[in-house]
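Participant: Coordinates only, no sequence provided:
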């Protein structure tokens with residue numbers, strides 16, 4: 001039985017968390033039920049003074065970071081606490097993110113894996129030996145590297161993965177021994193608040209954890225002004241990513257930005273394997289994932305069959321209230337975003353595209369939508385739609401697909417379904433993307449693997465091992481040895 005909204009919210013703090021203490025600025029913003037649009041909570045809008053305090057306290061207490069063993073234990077304990085409270089997290093995400101119960105539960109399961117991997121990595125952060133005798137006159141020297149925390153990490157996280165994307169940033173930061181200042185999306189601050197409470201309960205020092213809230217860009221701009229922050233990790237739009245990189249200056253960043261995600265169905269593809277995965281990757285979380293399939297390239301010889309089977313599968317999907325057990329596709333994050341996506345679909349139809357399925361909108365809910373007969377010049381092809389909309393694009397040769405994908409400004413991930421290893425390797429060598437997944441979709445991800453993009457999709461990697469590498473400094477230590485007397 002689904003809990004009532006007051007029951008879901010009764011133990012969730014709506015205040016900012018500054019150096020482990022809950023505080024209020026006196027100003028709030030509304031968090032809304034994504035399906036109904038009603039306000040469900042009013043969250044503190046963190047002041048600039050509180051952000052300055054968070055950074056100052058974190059810097060003063062950097063030497064109090066627990067050792068690797070204790071950091072590992074804290075992360076594992078946090079995972080245990082979350083597992084015991086899983087339903088509360090599911091209920092919160094259904095409300096503030098608009099996820100279905102299945103999507104929310106899956107997000108938590110993946111986040112628990114992220115915590116577990118980060119806990120493992122916390123105990124094995126190390127440098128490497130340097131072969132000094134590979135250079136002339138250096139045989140009596142020994143050298144190695146040490147990895148040390150960068151200091152204060154600021155994590156700015158998105159609404160479309162308010163649990164796992166957040167943990168992909170703060171769990172490696174903690175594992176690496178850094179202080180953390182977290183700024184979640186103003187759409188989904190309640191999940192972040194719960195996670196921070198769990199980390200404190202698990203034993204992470206309060207002085208090394210702050211949670212700042214903000215609707216709009218103001219809080220983010222204040223964070224970028226703070227020179228006491230050493231590293232920024234951000235998931236969001238390419239436009240904002242460029243601003244962060246410009247303002248960060250000499251400080252390091254990890255940016256996971258925009259995408260026009262593509263998946264390819266070759267003539268030899270196993271459609272029984274491919275189509276269920278494509279359907280899920282296209283419409284889960286209402287298409288609001290940076291690797292959700294927007295362009296589905298289909299070999300001309302399979303185009304009619306793929307279109308017919310996808311249409312049939314899409315028409316039986318139920319969209320609507322995510323708190324209902326039979327809902328497959330929930331609302332988008334805001335009605336204005338659903339209206340934007342709907343307008344792009346209508347523009348494409350007016351320019352000659354054919355509506356295969358969906359296309360109707362009810363407030364913030366846009367039906368799962370398939371378009372064919374699309375072409376460059378349409379927004380649904382040329383721009384990131386971030387909605388439950390996929391375009392079918394027939395092709396003759398793999399070379400033309402590679403040229404088309406590489407011509408986009410983005411390069412995050414691509415999927416290809418083929419049984420030809422030569423085709424797979426040819427695409428791997430020639431696509432300019434951060435990841436290629438063979439017989440999987442563009443949305444395929446293992447939480448332990450490196451995950452990141454190229455071009456306007458950003459740079460740097462998520463995945464705990466790889467994020468820890470970025471969130472630590474490498475120091476060279478050398479010894480010159482002499483013969484004992």
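Facilitator: Nice, thanks for sending it over. Computed from a predicted structure; not experimentally measured.
Participant: Which parts of the stretch 51-200 of the chain are helices?
Facilitator: 68-84, 86-96, 101-122, 164-175, 189-202 (DSSP state H, counting those that start in this stretch).
Participant: buried set for the second one?
Facilitator: The neighbour-count check on helix 86-96 (16 or more other Cβ atoms under 10 Å) flags 88, 89, 90, 91, 92, 93, 94, 95, 96 as buried. C-beta here means a position set from N, CA and C on the backbone, and glycine is covered the same way.
Participant: Next, the angle from it to helix 101-122.
Facilitator: Per axes from the mean of the first three to the mean of the last three Cα atoms, to 10 degrees, the angle that helix 86-96 makes with helix 101-122 is 120 degrees.
Participant: Which pLDDT value belongs to residue 33?
Facilitator: Confidence at residue 33, expressed as pLDDT, is 97.
Participant: tell me the contacts of it?
Facilitator: Residue 33 is in contact with 5, 39, 40, 95, 96, counting by Cβ atoms under 8 Å, 6 or more residues apart in numbering.
Participant: Redo the buried residues of helix 86-96 as CSV? Include pLDDT and distance to residue 261.
Facilitator: Compiled in CSV, those are given as follows (pLDDT from 0 to 100; distance: Cβ to Cβ, whole Å):
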residue, pLDDT, distance to residue 261
88, 96, 31
89, 97, 26
90, 97, 26
91, 97, 29
92, 97, 27
93, 98, 22
94, 97, 25
95, 97, 27
96, 98, 24
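Participant: ok, the contacts of residue 33 vs residue 64, which is closest?
Facilitator: residue 96 (33.0 Å; Cβ to Cβ).
Participant: quick one: the residue lying closest to the closest one once chain neighbours are set aside from residue 336, how far?
Facilitator: Nearest residue to residue 96, sequence neighbours excluded (Cβ to Cβ, 6 or more residues apart in numbering): residue 188, at 4.9 Å. For residue 188, the distance to residue 336 (Cβ to Cβ, to the nearest Å) stands at 16 Å.
Participant: Between the two, tell me which one has more neighbours.
Facilitator: For residue 188 and residue 336, the more surrounded residue by other Cβ atoms under 10 Å is residue 188, and the numbers stand at 27 against 10.
Participant: for that one, what are its contacts?
Facilitator: 31, 93, 96, 97, 159, 162 are the contacts of residue 188 under Cβ under 8 Å, 6+ apart.
Participant: For residue 285, see how far away the first one is.
Facilitator: Applying Cβ to Cβ, one obtains 18 Å for the distance of residue 31 from residue 285.
Participant: before we move on, what about the fifth one?
Facilitator: Using Cβ to Cβ, one obtains 10 Å as the distance from residue 159 to residue 285.
Participant: hey, what's in contact with both of the two?
Facilitator: Counting by Cβ under 8 Å, 6+ apart, the residues touching both residue 159 and residue 285 are residue 97.
Participant: can you redo the contacts of residue 33 as a markdown table with distance to residue 312?
Facilitator: Below are those laid out as a markdown table (distance: Cβ to Cβ, whole Å):
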| residue | distance to residue 312 |
| --- | --- |
| 5 | 36 |
| 39 | 39 |
| 40 | 37 |
| 95 | 32 |
| 96 | 33 |
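Participant: most packed of the helices of the stretch 51-200 of the chain?
Facilitator: helix 164-175 (a mean of 28; mean count of other Cβ atoms under 10 Å).
Participant: ok, now how distant is residue 139 from residue 128?
Facilitator: 19 Å.
Participant: Figure out which of the helices of the stretch 51-200 of the chain is closest to residue 454.
Facilitator: Once the helices of the stretch 51-200 of the chain are compared by Cβ to Cβ, helix 164-175 is nearest, at 18.7 Å.
Participant: Sounds good, over and out.
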